[in-house]
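Undergrad: Predicted model and sequence below, questions to follow.
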Amino acid sequence: IAHLVFYATLLFSTLSPGKAIVFALVLHALFGLHLGLAFAPNHKGMEMPDPDGERWGHLQRQVLTSRNVRGGVLTDWFLGGLNYQIEHHLFPSMPRPHLRLAQPLVRAHCAGIGMPYTETGLIESYRQALAHMHDVGEPLR
């Protein structure tokens, strides 16, 4: 609540009421769009465990239900380091800059045990996520 009071006080003390409201709405809309663009490519369309099938262990759940997004420094910045989603799920308390360092170890371990390790480019990850949402929504059309 203190954050909200501080935010509202700052907005309304520096901008007119109309501009403050428009600013807040635009800011939150853009922030929501960015969050959606950052979170959607990591899980949408990935394999899910069958509730009636074999129970998945921790490693399977984290690796098979996540996708990493390849890219460079710009992708790391845009996605906040969460483009290393597999490593983030395996090591949730690891600082994000270190996830990149863990990636070769995790990828090699997965290859060594024959577990698929999914990694795509940013555009391809969006394509896969949108294709999955299209397929899931098909019965409703």
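TA: Great, that's in hand.

Undergrad: ok, the residue positioned nearest the centre of the chain - contacts?
TA: By CA atoms, centre = their mean, the mean C-alpha position of the chain lies nearest to residue 39, the distance being 2.6 Å. Applying CB atoms under 8 Å, 6 or more residues apart in numbering to residue 39 gives the contacts residue 82. Glycine gets a C-beta too; all of them are placed from N, C-alpha and C.

Undergrad: Secondary structure element holding it?
TA: helix 17-43 (DSSP states H and E).

Undergrad: for that helix, which positions count as buried?
TA: Buried residues in helix 17-43, counted by 16 or more other CB atoms under 10 Å: 20, 40-42.

Undergrad: Got phi/psi on residue 68?
TA: Main-chain torsions, residue 68, degrees, to the nearest 10: phi -90, psi 150.

Undergrad: Tell me who's in contact with it.
TA: 83-87, 103, 117-120.

Undergrad: Backbone dihedrals for the nearest residue to it once chain neighbours are set aside, please?
TA: In space, residue 68 comes closest to residue 119 once its chain neighbours are excluded; the distance is 4.3 Å by CB to CB, 6 or more residues apart in numbering. When read as degrees, to the nearest 10, the backbone of residue 119 gives phi -150, psi 130.

Undergrad: tell me the pLDDT at residue 119?
TA: Predicted confidence (pLDDT) for residue 119: 95.

Undergrad: Kindly provide the distance from the most far-flung residue of the chain relative to its centre to residue 30.
TA: Centroid-distance maximum for the chain: residue 16 at 35.6 Å, with CA atoms, centre = their mean. Separation of residue 16 from residue 30 (CB to CB, to the nearest Å) stands at 21 Å.

Undergrad: next one: stretch 37-55 to chain centre, how far?
TA: Relative to its parent chain, stretch 37-55 has a centroid offset of 12 Å by CA atoms, centre = their mean, to the nearest Å.
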